[in-house]
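Peer 1: got a predicted structure plus its sequence, pasted below:
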Amino acid sequence: MWKVSRAAMMNLRTLQQVRRFSLAIPGPCIVHKRGADILHDPWFNKDTGFPLTERDRLGLRGLLPPRIISFDEQYERFMESFRSLEKNTKNEPEKVVALAKWRLLNRLHDRNETLYYKVLIDNIEAFAPIIYTPTVGLVCQNYAGLFRRPRGMYFSAKDKGEMMSMIYNWPSNKVDMIVVTDGSRILGLGDLGVQGIGIPIGKLDMYVAAAGINPQRILPIMLDVGTNNKKLLDNPLYLGVRQQRLEGDEYRAIVDEFIEAVYTRWPRAIVQFEDFQMKWAFETLHRYRNKFCMFNDDIQGTAGVALAGLLGAVRAQNRPLSDFVKQKIVVVGAGSAGIGVLSTAKQAVARMTGDNETAAHNPFWLLDKDGLVTKDRKNLDSTAAPFARGFGVGEIEGLGEGASLLEVVKKVKPHVLLGLSGVGGIFTKEVLEAMRDSDSSRPAIFAMSNPTMNAECTAADAFKYAGENIVFASGSPFENVNLGNGKVGHVNQANNMYLFPGIGLGTLLSGSHFITDGMLQAAAECLASYMTDEQIKNGILYPSISSIRHITTEVAAAVVQEAVAEELAEGYCEVAAKELMHMSKDETVEYVARNMWFPVYNPLVHEKGF
Ligand SMILES: NC(=O)c1ccc[n+]([C@@H]2O[C@H](COP(=O)([O-])OP(=O)(O)OC[C@H]3O[C@@H](n4cnc5c(N)ncnc54)[C@H](O)[C@@H]3O)[C@@H](O)[C@H]2O)c1
Ligand SMILES: O=C(O)C[C@H](O)C(=O)O
Ligand SMILES: [Mg+2]
């Protein structure tokens, strides 16, 4: 048996450190298991790719077919199976095909993570819609039946008092990135209880693919505090706690205990809150953001992506960015995402005008399920209150409390119509046609709700009814629209995936203990300035998803630089704060790129004594 001495281990560790600066050297990876246990561990398994020497060293000889298949060959073999699945399911319903593709990828994820992330990264445009939005929504809805193996951690209402010890059940001593949900507002699909775990898994897949976070250092978490979804509670296969959702102090106590457990074990971890219903999304953000390194993606990530798109829409009209303050923006949906977008847009207006008084510059109209939100609203929600229309400068006559979307669009003639309502088709033919009278030379329509069925309109309808001149973005992917005569209506994907990976990675590499508004703003500005004038002229507001690693590198670097400027950066691993302070922009980008994980088979070395 091949044993490694302590001295050799020290050398290997040094080699691993050297590797940080020279990615060409494949770094050895230390495992504390042998034989079949390795084959059953997706972090280390290479399937038929184990070389003979490793098979000998790790006790794998005889446990695998004799032929050694290279990483490239394995990759091709998987892609071939994916292509034949596509061919064989050509005539099947869309949902069946989507789930079949997800199953194929998920089986690989469960078996061999290195190969899984290789195929994901190299085919991100084709595979993001399967492991992320929109298919991930379908997966969550069908989770009870699809469940085969657990992934991540589950803390339930029944675990009160136990979380501090439970957190040590997670097998990795190092965790950089956590995404947590309580399943209460999964995309636009509502309360899916424990089945919402698919969302943290999909978001973290994007962290690995886009930000190069090491998959051994990610952790998806479900806080199962019950569900108010009767259909799930009645389903005998439901895998969550069968009770109504905890509320009030009982709920707070669970989240507090979870947060304490996480930061006790991993004080440098970054926690992303995802798909919490609005009241808890805002409350947890306010409760924890000044104490821990956390953010809420639906409020803050979405806001940055939307702001970048709104600034792009100004440029698309061939107007200077400062004209943003003159844009009339109608937001449909006063939830965590809609309010997050408006708060960020309001801050941008205040920065541009140097005026914090909203009355003089209130270019926003907010609607929720009861129509236009005004100061006459009974029980006006405090988060919506700053955006409620009153009677003052710039008010549009004749638009009262609860006015319908169609009335608002007809009277306001907005430059931008932005949906974050979760209600599919709410931008009807009439509403879209009314956008033809927009005061903008290039009206913008953002149908940002997910998944596809919940989008406020389809891309085809937007171009058909609102005109070919619009710029269009949706939260879920749609095909570009053929407008005839060789013209194409470009479809942008306005999804927070363009920011959250860079926010997380940049924060991690800066060593900041907090995620400030300044860091979020830097991320949004980086995304906003990424596109060229030529692209913007062609209606392209966001980068192609195939360049998501590149944009994420830039966003992360912007976040690092802002953390440095705010004197929050404490450094990461051997790179001290002082070093970060002296890095130029290009050096910061290079530093970020150098620290991204990418999938290769590292030599495995067994360390005894564990
Ligand atoms: N594209 C992205 O990156 C992105 C990011 C975050 C959220 N979203 C999507 O946005 C949607 C909303 O998310 P949220 O967290 O704000 O949810 P939420 O439940 O907090 O808010 C939904 C809001 O929509 C309003 N609404 C419901 N029916 C309406 C109607 N008929 N007309 C007008 N308003 C109506 C509700 O009153 C509420 O204010 C979801 O579908 C989610 O998937 C997309
Ligand atoms: O998950 C997504 O695709 C975006 C967003 O976070 C959402 O909740 O819809
Ligand atoms: Mg979300």
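Peer 2: Sure thing, it's come through. Ligands and ions are numbered 1, 2, ... in the order given.

Peer 1: and D182, how far from G193?
Peer 2: Look at D182 and G193: by C-beta to C-beta, to the nearest Å, they are 9 Å apart. For every residue, glycine as well, the C-beta is placed using N, CA and C.

Peer 1: list the residues that contact both of those two?
Peer 2: By C-beta atoms under 8 Å, 6 or more residues apart in numbering, D182 and G193 have these common neighbours: D224.

Peer 1: only alpha carbons, please: show stretch 451-466 as CSV.
Peer 2: Extracted in CSV, the C-alpha atoms of stretch 451-466 (Å, rounded to 0.1, in the frame of the first residue of the first chain):
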residue,chain,number,x,y,z
PRO,A,451,-40.1,30.8,-14.4
THR,A,452,-41.2,31.1,-18.1
MET,A,453,-44.9,30.6,-17.4
ASN,A,454,-44.9,33.4,-14.9
ALA,A,455,-43.2,35.9,-17.2
GLU,A,456,-45.4,39.0,-17.6
CYS,A,457,-45.4,38.5,-21.4
THR,A,458,-43.5,36.4,-23.9
ALA,A,459,-40.8,37.9,-26.0
ALA,A,460,-42.8,37.3,-29.2
ASP,A,461,-45.8,39.1,-27.9
ALA,A,462,-43.7,42.0,-26.7
PHE,A,463,-42.2,42.6,-30.2
LYS,A,464,-45.6,41.9,-31.9
TYR,A,465,-47.8,44.2,-29.9
ALA,A,466,-45.4,46.9,-28.5
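
Peer 1: hmm, that stretch touching ligand 1?
Peer 2: Yes. Using C-beta under 6 Å from any ligand atom, stretch 451-466 reaches ligand 1 at N454.

Peer 1: let me see the contact set for the closest residue to A565 other than its chain neighbours.
Peer 2: Leaving aside its sequence neighbours, A565 sits nearest to G518 (C-beta to C-beta, 6 or more residues apart in numbering; 7.6 Å). By C-beta under 8 Å, 6+ apart, the contact list for G518 reads E562, A565, E566.

Peer 1: for the second one, grab the count of nearby residues.
Peer 2: The one in question is A565. By other C-beta atoms under 10 Å, the residues close to A565 number 13.

Peer 1: tell me the pLDDT at it?
Peer 2: Looking at A565, its pLDDT stands at 98.

Peer 1: for the remainder of this discussion, apply numbering that starts at 45.
Peer 2: In the new count, where the first residue is 45, that last one comes out as A609.

Peer 1: all strands for the stretch 545-654 of the chain, in order.
Peer 2: Assigned by DSSP state E, counting those that start in this stretch, the stretch 545-654 of the chain shows strands spanning 615-616, 619-620, 648-650.

Peer 1: contact residues of the stretch 95-244 of the chain facing ligand 2?
Peer 2: Near ligand 2, when you scan the stretch 95-244 of the chain using C-beta under 6 Å from any ligand atom, you find T177, L231.

Peer 1: pLDDT weak spots in the protein?
Peer 2: 45-70, 400-405, 435-438, 653-654 (pLDDT under 70).

Peer 1: now with 90?
Peer 2: In the predicted model, the chain carries pLDDT under 90 at residues 45-72, 397-406, 434-442, 529, 651-654.

Peer 1: residue in it nearest to ligand 1?
Peer 2: Using C-beta to the nearest ligand atom, the closest approach of the chain to ligand 1 is made by G379 at 1.8 Å.

Peer 1: so for that residue, what's the nearest residue that isn't a sequence neighbour?
Peer 2: M322 (4.8 Å).

Peer 1: switch the contacts of G562 over to TSV; also include distance to ligand 2.
Peer 2: What follows is those, written out as TSV (distance: C-beta to the nearest ligand atom, whole Å):
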residue	distance to ligand 2
E606	23
A609	28
E610	26
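
Peer 1: I314: which of those is nearest?
Peer 2: Nearest to I314 out of the contacts of G562 is E606 (C-beta to C-beta; 15.3 Å).

Peer 1: just to revisit the earlier point, same list, the strands of the stretch 545-654 of the chain, but as JSON lines with mean neighbour count please.
Peer 2: Converted to JSON lines, these look like this (neighbours: other C-beta atoms under 10 Å):
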{"stretch": "strand 615-616", "mean neighbour count": "19"}
{"stretch": "strand 619-620", "mean neighbour count": "16"}
{"stretch": "strand 648-650", "mean neighbour count": "19"}
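
Peer 1: between those, which one is nearest to L159?
Peer 2: Ranking those by their distance to L159 (criterion: C-beta to C-beta) puts strand 648-650 first, at 14.8 Å.

Peer 1: distance from the chain centre to the helix or strand encompassing E124, please.
Peer 2: Using DSSP states H and E, E124 maps to helix 115-132. Distance, stretch centre to chain centre, for helix 115-132: 27 Å (C-alpha atoms, centre = their mean, to the nearest Å).

Peer 1: convert the C-alpha atoms of that helix to PDB, please.
Peer 2: C-alpha atoms of helix 115-132 as PDB (Å, rounded to 0.1, in the frame of the first residue of the first chain):
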ATOM      1  CA  PHE A 115     -11.300  13.200 -19.000                       C
ATOM      2  CA  ASP A 116     -11.900  14.400 -22.600                       C
ATOM      3  CA  GLU A 117     -13.300  11.000 -23.600                       C
ATOM      4  CA  GLN A 118     -15.600  10.900 -20.600                       C
ATOM      5  CA  TYR A 119     -16.700  14.400 -21.500                       C
ATOM      6  CA  GLU A 120     -17.500  13.400 -25.100                       C
ATOM      7  CA  ARG A 121     -19.300  10.300 -23.900                       C
ATOM      8  CA  PHE A 122     -21.600  12.300 -21.600                       C
ATOM      9  CA  MET A 123     -22.300  14.900 -24.400                       C
ATOM     10  CA  GLU A 124     -23.100  12.100 -26.700                       C
ATOM     11  CA  SER A 125     -25.600  10.700 -24.200                       C
ATOM     12  CA  PHE A 126     -27.100  14.200 -23.900                       C
ATOM     13  CA  ARG A 127     -27.400  14.500 -27.700                       C
ATOM     14  CA  SER A 128     -29.100  11.100 -28.000                       C
ATOM     15  CA  LEU A 129     -31.500  12.100 -25.200                       C
ATOM     16  CA  GLU A 130     -32.400  15.200 -27.200                       C
ATOM     17  CA  LYS A 131     -32.900  13.100 -30.300                       C
ATOM     18  CA  ASN A 132     -35.000  10.500 -28.600                       C
END
